[in-house]
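**Q** Structure here, sequence nowhere to be found:
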């Protein structure tokens, strides 16, 4: 028989080191919100944890009361799975510890750390790990789903640099998952999302990067979008590992439609200048902010374009190829884009990230190519129906060009991993591991992998 929430809370408060928030408490309204303003849920309790023992106690509390659980790191997941109606949010955001061992090239960071915070500490030592392209994104959620980022061509995805994870399981056990301990769980955590426990801390390999790299934005007028995207395709087909370039259809500060490329070359500045020469010499850009810059500056360059509280609806899949027909279809769809904050983004997957086997980690998408993201974003709730419909219609129009795979971190709130497109050939093994570590599907507020 579940215990009453108030009674169980009184017991929990006796040992809990963080704060326990309910509706009406100071701080509750802020704590219940996530990055995506489309998500408006009201948890019964938000448990803001200060350490691993708090996580263990929060899981025990959820079991005692029968409350369903969501886990929050940075709160950026577009589907809003870091919060839950009438349940318990295990909120890691107060857990900000970061320890850098510059001699070993190893970084241990707690589950509430964001990539901006992580980069600030590692760049003191000229080190970095592949991470998110928006600084306020949490390290835990992005990593557990795979972790695309600027360094993936040279150094692989975030999961490819993961050395171990301190996990609190559904049974309240504290385990270290690594290549040597609980290796099956470690395999599953590298791409299987939050299905297997709470990532209390993550230990990464860090490599020398910068602090100065070659990076930034090149923007062109929208009438030049077709030629720019063809230039992008040709340039990325010959990219060295050190160079990662994304392309986008977007709006400029004055509200006009534009096309653009954002690049990061993580090698020497002379090599970066040479490697970006092809895209830098294309056409006559309306904005040229590509050149030497601090790596940390590149990782916060896009932040203002993704403000907390903006309403978001995304759909995404990997492309079969970036053909002329794909380019023409994208441009035609963007002509009717309903919001100046909405973008179509193309992410190039190559190099080290594509040289790992599809079954070596739970993240299966290891083919060189492009990921397409239809990124709907707006501010006025009155625009929600129109903007959401445009994203869905655009995604549907692009279906003839799509590959099967989908990036789990981009799946929308109303989507599940139908057909195993996110987990691919690894789905059956993930289900077996789920059965071992979470047989009751306690952690199901995610892109859920059901126990076998």
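**A** Now that the structure is in, tell me what you want to look at. As the structure is a prediction and not an experimental result, all values here were calculated from the model. Residues are numbered from 1 along each chain as shown.

**Q** The stretch 151-300 of the chain: helices as residue ranges?
**A** Using DSSP state H, counting those that start in this stretch, the helices of the stretch 151-300 of the chain run over 152-155, 183-189, 225-237, 269-275, 277-280, 295-298.

**Q** can I get the ones you listed in CSV with mean neighbour count, distance to residue 29 and mean pLDDT?
**A** The way it works is simple: take the backbone N, C-alpha and C, and place the C-beta from them, glycine included. Below are the helices of the stretch 151-300 of the chain laid out as CSV (neighbours: other Cβ atoms under 10 Å; distance: least, Cβ to Cβ, whole Å; pLDDT from 0 to 100):
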stretch, mean neighbour count, distance to residue 29, mean pLDDT
helix 152-155, 25, 37, 97
helix 183-189, 21, 32, 98
helix 225-237, 20, 42, 96
helix 269-275, 16, 45, 96
helix 277-280, 17, 45, 94
helix 295-298, 21, 31, 94
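
**Q** Looking at those, which is nearest to residue 385?
**A** In terms of Cβ to Cβ, the element of the helices of the stretch 151-300 of the chain nearest to residue 385 is helix 225-237, at 27.1 Å.

**Q** Tell me which other helices or strands the closest one touches.
**A** The contact analysis (3 or more Cβ pairs under 8 Å, 6 or more residues apart in numbering; DSSP states H and E) places helix 225-237 against strand 243-251, strand 257-265, helix 277-280, helix 324-334, strand 343-349.

**Q** Format the ones you listed as CSV; extra columns: distance to residue 412.
**A** Output for those, formatted as CSV (distance: least, Cβ to Cβ, whole Å):
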stretch, distance to residue 412
strand 243-251, 19
strand 257-265, 23
helix 277-280, 31
helix 324-334, 17
strand 343-349, 15
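
**Q** for the ones you listed, which one sits closest to residue 429?
**A** Of all the helices and strands packed on helix 225-237, strand 343-349 sits nearest to residue 429, with 22.3 Å by Cβ to Cβ.

**Q** That closest one to helix 324-334, inter-axis angle?
**A** Here strand 343-349 runs at an angle of 150 degrees relative to helix 324-334 (axes from the mean of the first three to the mean of the last three Cα atoms, to 10 degrees).

**Q** Could you spell out the sheet neighbours of strand 343-349, each with its direction?
**A** strand 243-251 (antiparallel), strand 369-378 (antiparallel) (DSSP bridges).

**Q** In terms of residue numbering, what are the domains of the protein?
**A** Per automatic domain parsing, the domain ranges recorded for the chain read 5-91, 98-209, 212-410.

**Q** hmm, back to that, out of the helices of the stretch 151-300 of the chain, nearest to residue 452?
**A** Nearest to residue 452, of all the helices of the stretch 151-300 of the chain, is helix 183-189, at 12.6 Å by Cβ to Cβ.

**Q** Please name every helix or strand in contact with the closest one.
**A** Using 3+ Cβ pairs under 8 Å, 6+ apart: helix 183-189 touches strand 162-168, strand 174-178, helix 427-437.

**Q** Can you check which of the helices and strands packed on helix 225-237 gets nearest to residue 109?
**A** Closest to residue 109 of the helices and strands packed on helix 225-237, according to Cβ to Cβ: strand 257-265, at 21.2 Å.
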